[in-house]
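Asks: Coordinates only, no sequence provided:
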């Protein structure tokens, strides 16, 4: 039917478009005649007429016991289009407002863990640098002495300098270190006690050549043995539960 497709493209449903197109050029008309001209069943036509009246495109009158329907001037479509445009703009603004929160919720629900393996001391250094670049706090538990023993004094100095520069760019978020006394062999760690670094030295010797780091994007498991390697598991939920375990251990008194 003429105009029906065009009317759908500007926002009317299929039955609304067919009904309105069938009424154009007619005066007051009964629903039965409109249904026949539109090629629709009468109940469907009544439904379309009701929707069109809500849109302000059709008026209804009772004449001599008969209910008749009259299409409004086609110019009314322009007013409806303007209203739809305003509604669309308002909906887009609302979407922009809630989209970040929706994405965050969806990310929490469906985040798939990402596992990254890095080998060698260079791989472990890369992991430390990646974590150090985080603007959020992170937590270290494990050996310090065994890790530091893998480097010369000059290498440790270079690593510390690079690490410190990266931390500075990240805003130096607070870090918590639960480790052995070997941590004080790091240049400056014994003499300086900044507010953005807390150290808790465990009384028992940490014989394992391993460590665990919790950061805001996941956890990192490190091994400083004969064949050093590091494994990163990027998953917010895992990071949160391991962080909770770390903080519980942090609050516990030192072993005797």
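Replies: Here it is on my side, so go on. Quick caveat: nothing in here was measured; it's all calculated off a predicted structure.
Asks: Which other helices and strands does whichever strand or helix holds residue 87 contact?
Replies: Residue 87 is part of helix 76-110 when elements are defined by DSSP states H and E. If you count contacts as 3 or more C-beta pairs under 8 Å, 6 or more residues apart in numbering; DSSP states H and E, helix 76-110 packs onto helix 236-251. C-beta: built from backbone N, CA, C; applies to glycine.
Asks: so the helix it packs on versus helix 76-110, what angle?
Replies: Interaxial angle of helix 236-251 relative to helix 76-110 (axes from the mean of the first three to the mean of the last three C-alpha atoms, to 10 degrees): 50 degrees.
Asks: follow-up on the earlier one: how far does the helix holding residue 87 sit from the chain's center?
Replies: 17 Å (C-alpha atoms, centre = their mean, to the nearest Å).
Asks: next one: stretch 129-144
Replies: On the basis of C-alpha atoms, centre = their mean, stretch 129-144 sits 23 Å off its chain's mean C-alpha point.
Asks: and the end-to-end length of it?
Replies: From its first residue to its last, stretch 129-144 covers 16 Å (C-alpha to C-alpha, to the nearest Å).
Asks: Now do that stretch: everything it contacts.
Replies: Stretch 129-144 is contacted from outside by 162-163, 166-167, 169-171, 173-183, 185-186, 206, 208-217, 220, 222, 224, 232, 243, 246-247, 249-250, using C-beta atoms under 8 Å, 6 or more residues apart in numbering.
Asks: thinking again about what came up before, which of the residues in the helix holding residue 87 are buried?
Replies: For helix 76-110, a neighbour-count test (16 or more other C-beta atoms under 10 Å) marks 77, 80 as buried.
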